[in-house]
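Q: just the structure for this:
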Amino acid sequence: GTIIALTGVTTGRYKLKYNDAINVKWFGLIGDDSTDNTPAFNAMRYHLKDGDWIYFPNGAYAFKTRPADINITLKITGDGKSSSRLRKRFNTTTSSDGVINLRDGSAGSIISDLAIASSDGSSSGGCLISMVASATNAPDYCKLSNLYLSTSGHNTHEYTVYIDGSLRTVAPIGVRDTFIENCSIFGATHGAILLKSVVACHLNSVDTFRAGGTTGKVIIGGTSSANSYYVDITSANMDGLNLTYCNFVNAQIGNCSGDIDNTNTANSNIVSASNVEGFINKFWTNSFIIKPDTLFDFAKTATAHKTTFDIKEPGLYSVFGSGLSDAPDGGTATYWGTTVSGNGSTIVSQIAVERNTGATYIRSFANSTAWTSWTRIDVKGQSYQDVTNSRGYGNTYTNNTGLPIQVIITAINTTNSSWGILNCIVDG
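A: Numbers count the residues shown, from 1 in each chain. Next up is the predicted model:
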């Protein structure tokens with residue numbers, strides 16, 4: 001290196017003029033997956049200023065005690081999800097204790113291009129990333145991007161991402177304007193993501209999985225004085241969704257591998273899911289679920305609703321099976337059909353079609369109090385066999401088929417000695 005000799009100066013220090021990423025190794029952090037980096041991280045934290053960018057180069061950085069809170073705006077990045085890894089190796093009984101803890105003053109922080117995971121056997125409780133509001137301030141406008149958040153063992157933390165704005169009950173309430181995007185988040189003992197008292201939270205291309213945890217569900221809730229509002233979700237896979245004390249949630253999910261649970265404190269929410277493998281509660285208010293894949297999904301409904309047309313979930317659903325006790329004929333034939341259901345407790349109308357004959361029936365839930373009788377609506381008449389079977393010239397038959405009368409005019413009977421006579425068979 002270069003040694004610069006000073007003359008006439010006995011005190012002071014050099015100041016590094018640098019505006020790019022600050023390498024954590026400059027402050028003594030070691031990515032050997034063994035050294036406890038919490039002391040070095042805490043020392044570095046107190047030398048950072050608002051707006052600094054800290055960078056974790058390739059390596060695995062272990063944290064064996066909880067790192068200090070972050071109370072300034074930071075950009076925290078790495079070399080990518082497969083290269084820069086932070087390891088949680090401490091136990092805690094506080095759900096909000098994470099590896100990265102954003103608190104008052106950290107509004108606008110960014111965490112990206114990292115993998116963060118708990119280690120088996122040495123990291124129970126807590127979370128991986130936490131964002132918690134105080135009564136007067138919150139880590140608003142933060143962004144989590146391109147992250148891989150998981151566990152290296154089984155049931156090693158309570159929540160993977162923990163966001164809690166419930167202490168901030170005076171406007172502006174909650175933790176606000178959070179963006180989570182392009183993240184793979186694996187489960188924990190309580191949930192993959194907790195969104196408590198958040199406002200304008202956006203999850204874009206965020207997938208959650210159970211993996212080594214008990215559940216990978218997303219929990220959106222709050223308190224009676226600090227609800228969650230305006231949460232937008234797009235996810236290819238989500239391991240369940242739990243809604244309480246929340247309003248205006250719009251979730252678009254490809255596959256929901258868990259339950260969709262809710263209470264009557266969830267209001268004005270829309271969930272769209274192509275497939276839901278778990279149960280669906282319908283306690284919410286002014287809310288509904290759209291399940292496009294259930295339209296004529298015979299195989300699925302044969303298992304779930306084989307013995308009844310009584311489907312309560314809002315939307316359009318198929319019914320398929322034999323022995324349906326409330327089918328038009330009492331269950332002797334095999335039917336397929338659809339149910340158009342209303343607000344989660346009222347079935348609006350049903351259509352049933354007998355598989356072999358095509359006979360079609362409809363009924364409705366009159367005044368939301370009782371079913372009307374099944375009414376046959378198809379206009380199919382008797383078949384050719386119905387009319388001609390065992391019929392003979394000059395004989396009269398009574399129509400007992402329940403189908404419209406058919407008139408069949410056959411071609412001239414060229415084998416009959418009476419040329420030019422038309423054989424007309426009228427069933428009536």
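Q: please enumerate the strands of the stretch 51-200 of the chain.
A: 53-56, 59-63, 75-78, 84-88, 100-102, 110-118, 129-132, 143-151, 159-164, 175-186, 191-196, 198-209 (DSSP state E, counting those that start in this stretch).
Q: relative to D32, which of those is closest?
A: The minimum distance between D32 and the strands of the stretch 51-200 of the chain falls on strand 59-63, with 7.1 Å, by Cβ to Cβ. Quick note: C-beta positions are derived from backbone N, CA and C, even for glycine.
Q: paired strands for the closest one, with orientation please.
A: According to DSSP bridges, strand 59-63 forms sheet pairs with strand 32-36 (parallel), strand 84-88 (parallel).
Q: helix or strand with the lowest mean pLDDT in the chain?
A: In the chain, no helix or strand scores lower on mean pLDDT, DSSP states H and E than helix 298-304, which sits at a mean of 35.
Q: how many residues are close by the residue nearest to A135 when sequence neighbours are not counted?
A: Of all residues not flanking A135 in the chain, L167 sits nearest, at 5.1 Å (Cβ to Cβ, 6 or more residues apart in numbering). The tally of other residues near L167 (other Cβ atoms under 10 Å) stands at 18.
Q: do you know how far L167 is from T136?
A: Remark: distance between L167 and T136 (Cβ to Cβ, to the nearest Å) = 9 Å.
Q: kindly report the same for I111.
A: 24 Å.
Q: the more surrounded of these two?
A: I111 (24 against 9).
Q: touching, the more buried one and L147? I think so.
A: Yes - assessed by Cβ atoms under 8 Å, I111 is found in contact with L147 at 6.8 Å.
Q: which stretches of the stretch 151-300 of the chain aren't confidently modelled?
A: Within the stretch 151-300 of the chain, the segments meeting pLDDT under 70 span 155, 292-300.
Q: if we use 50, what do you get?
A: Along the stretch 151-300 of the chain, the parts satisfying pLDDT under 50 run over 293-300.
Q: same question, the stretch 301-428 of the chain
A: Within the stretch 301-428 of the chain, the ranges that satisfy pLDDT under 50 run 301-318, 320-321, 341-347, 419, 427-428.
Q: quick check: buried residues in stretch 55-69?
A: 55-56, 59-64, 66-67, 69 (16 or more other Cβ atoms under 10 Å).
Q: so what's S82 up against?
A: 115, 148 (Cβ atoms under 8 Å, 6 or more residues apart in numbering).
Q: got a pLDDT number for it?
A: Reading off the confidence values, S82 has pLDDT 93.
Q: and what of the one 5 residues further on?
A: pLDDT for R87: 95.
Q: which residues does it contact?
A: 33, 60-63, 116-119, 152.
Q: S166 versus that one, what's the distance?
A: Separation of R87 from S166 (Cβ to Cβ): 29 Å.
Q: how about A68?
A: 22 Å.
Q: with T285 instead?
A: For T285, the distance to S166 - Cβ to Cβ - is 21 Å.
Q: more neighbours: which of the two?
A: More crowded of T285 and S166, by other Cβ under 10 Å: S166, with 21 against 15.
Q: list the contacts for the more buried one?
A: Taking Cβ under 8 Å, 6+ apart, one finds 133, 174, 196-197, 222-223, 226 in contact with S166.
Q: filter those residues down to the buried ones, PyMOL style.
A: Restricted to buried positions by 16+ other Cβ under 10 Å, the PyMOL selection for the contacts of S166 reads:
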select buried, resi 133+174+196+197+222+223+226
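Q: okay, the contacts of S166 in a markdown table with distance to N267 next?
A: A markdown table is the format used below for the contacts of S166 (distance: Cβ to Cβ, whole Å):
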| residue | distance to N267 |
| --- | --- |
| A133 | 22 |
| G174 | 16 |
| K196 | 16 |
| S197 | 15 |
| G222 | 12 |
| T223 | 14 |
| A226 | 15 |
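Q: wait, which of the contacts of S166 is closest to T92?
A: Closest to T92, out of all of the contacts of S166 and judged by Cβ to Cβ, is K196, at 18.1 Å.
Q: who's the closest residue in space to the closest one that isn't next to it in sequence bridged to?
A: In this structure, K196 finds its nearest non-sequential neighbour in D164, 4.5 Å apart by Cβ to Cβ, 6+ apart. In this entry, D164 is beta-bridged to V132, K196, by DSSP bridges.
Q: surely D164 touches A133?
A: Yes - counting by Cβ under 8 Å, D164 does reach A133; the two are 6.8 Å apart.
Q: now do the shared contacts for these two.
A: With Cβ under 8 Å, 6+ apart, D164 and A133 have common neighbours 175, 197.
Q: next one: the closest residue to A40 other than its chain neighbours from G59, what distance?
A: Using Cβ to Cβ, 6+ apart and skipping the chain neighbours, the partner closest in space to A40 is G28 (4.0 Å). Separation of G28 from G59 (Cβ to Cβ) stands at 13 Å.
Q: could you do T223 as well?
A: Distance from T223 to G59, by Cβ to Cβ: 41 Å.
Q: H202: what's it in contact with?
A: 178-181, 231-232.
Q: hmm, back to that, gap between the residue nearest to K196 and G80?
A: 29 Å.
Q: more neighbours, those two?
A: Neighbour count, other Cβ under 10 Å: between D164 and G80, D164 has more, with 23 against 14.
Q: quick check: end-to-end length of stretch 128-141?
A: 19 Å (Cα to Cα, to the nearest Å).
Q: apologies, that question was intended for stretch 224-244.
A: 10 Å.
Q: where exactly do the helices run in this protein?
A: 38-45, 298-304, 384-388 (DSSP state H).
Q: what is the orientation angle of the longest one with strand 59-63?
A: So the one you mean is helix 38-45. Between the axis of helix 38-45 and that of strand 59-63 there is an angle of 100 degrees, by axes from the mean of the first three to the mean of the last three Cα atoms, to 10 degrees.
Q: check which residues of helix 38-45 are buried.
A: Buried-residue list, helix 38-45, by 16+ other Cβ under 10 Å: 38, 40-41, 44-45.
Q: could you give me the average pLDDT of it?
A: Averaging pLDDT along helix 38-45 gives 96.
Q: cool, and stretch 117-129?
A: Stretch 117-129 shows a mean pLDDT of 84.
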